[in-house]
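Novice: Provide a 3D model corresponding to the input given below.
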Amino acid sequence: MAELGFMGIAVPEEYGGAGMDNVCYAIAMEEISRACASTGVIMSVNNSLACDPILKFGSEEIKREYLVPMASGKKLGCFGLTEPGAGSDAGSQKTTAVRDGDFYVVNGTKNFITNAPQADTCVLFTMTDKAKSHKGITAFVVDMKWKGVSLGKHEKKMGIKASATSSIVFEDVRVPAKNRLGNEGDGFKVALSTLDGDGSASPPRRSGSPAPRSRTLSPIRRTGSSSDRRSAISRRSSGCWRTSPPRSTPRDCSHGEPPG
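Specialist: Just a heads-up that it's a prediction; the model follows:
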């Protein structure tokens, strides 16, 4: 997938991505998920939850250091928001980041983190001011190999098993202040923006997953300009409308009618 540019589809080419748009991203996500839902999840997290927030909120230095290798498929990212006692209520999270000169000292645990066992980089959300609730959340880019970062429980899932999920434990991890995404207290805004973007990948991932696995994804080589690759994906999309086998189940409606 890295050779096809699928690990950073909507990331500009200058940052290692394919330079495509969200329509191309959705089409590619549906086709990958049609063959393997686990691979679709891995790809989705790297694109939407790891690359996107760094692209939108990271400094130029952070983009060069972390975004380029993830978007080009040389490294893998994960998204550290959920905690044992804070899922959808991000303001209740317990992971803290305390300023110490040019660093923040991070302590806490994140749960159910997709890609964590294989990830090189984590987009991490912490509480820098508990009194401010969600306005006291700050986001950072954390290297998973730093001292104090370790993996906790590996989840045994009922499905999508090839996509690894585990908890991440942070014990006195020193994170450089330059690795912050946005300003201190911008973490909730970063999280909402990121999750809104991930919404564009979820429907095609779900609609692709139940499809018959006998179909083969036509190769879309990473050659020529980004417009050439967009055209290739568009042709692949129009082809799937014509070749998708009929279904007698209500899932037909998820694919809609062929475009005029």
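Novice: can you pull out the low-pLDDT segments for the stretch 1-150 of the chain?
Specialist: For the stretch 1-150 of the chain, applying pLDDT under 70 flags the ranges 88.
Novice: mind listing the helices for it?
Specialist: Shown for the stretch 1-150 of the chain, the helices assigned by DSSP state H, counting those that start in this stretch span residues 22-35, 37-44, 52-57, 60-62, 68-71.
Novice: ok, the spatially most central residue of the chain - contacts?
Specialist: Note on the chain: the residue nearest the mean C-alpha position is Val45, at 2.4 Å, using Cα atoms, centre = their mean. Each residue near Val45 by Cβ atoms under 8 Å, 6 or more residues apart in numbering is listed here: 77-79, 114-115. All C-beta atoms are positioned from the backbone trio N, CA, C, and that covers glycine.
Novice: next one: Leu49
Specialist: Leu49 touches 77-79, 123, 194, 198, counting by Cβ under 8 Å, 6+ apart.
Novice: what does Leu124 give?
Specialist: 80, 95, 106, 110, 139-142, 170, 175.
Novice: at 6 Å what do you get?
Specialist: Remark: with contacts taken as Cβ atoms under 6 Å, 6 or more residues apart in numbering, Leu124 is in contact with 80, 140, 142.
Novice: how about Lys74, what does it touch?
Specialist: Lys74 touches nothing, counting by Cβ under 6 Å, 6+ apart.
Novice: distance check, it against Asp120.
Specialist: 9 Å (Cβ to Cβ, to the nearest Å).
Novice: so what's Val106 bridging to?
Specialist: Ala97, Val173 (DSSP bridges).
Novice: mind checking the pLDDT average for stretch 170-190?
Specialist: In this model, stretch 170-190 has a mean pLDDT of 97.
Novice: got the contact list for it?
Specialist: 53, 57-58, 102-108, 125, 128, 134-135, 137-142, 146, 148-149.
Novice: selection in PyMOL covering whichever of the residues you listed are buried, please.
Specialist: The following PyMOL line selects those of these that are buried, judged by 16 or more other Cβ atoms under 10 Å:
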select buried, resi 53+57+58+103+104+105+106+107+108+125+128+134+137+138+139+140+141+142+149
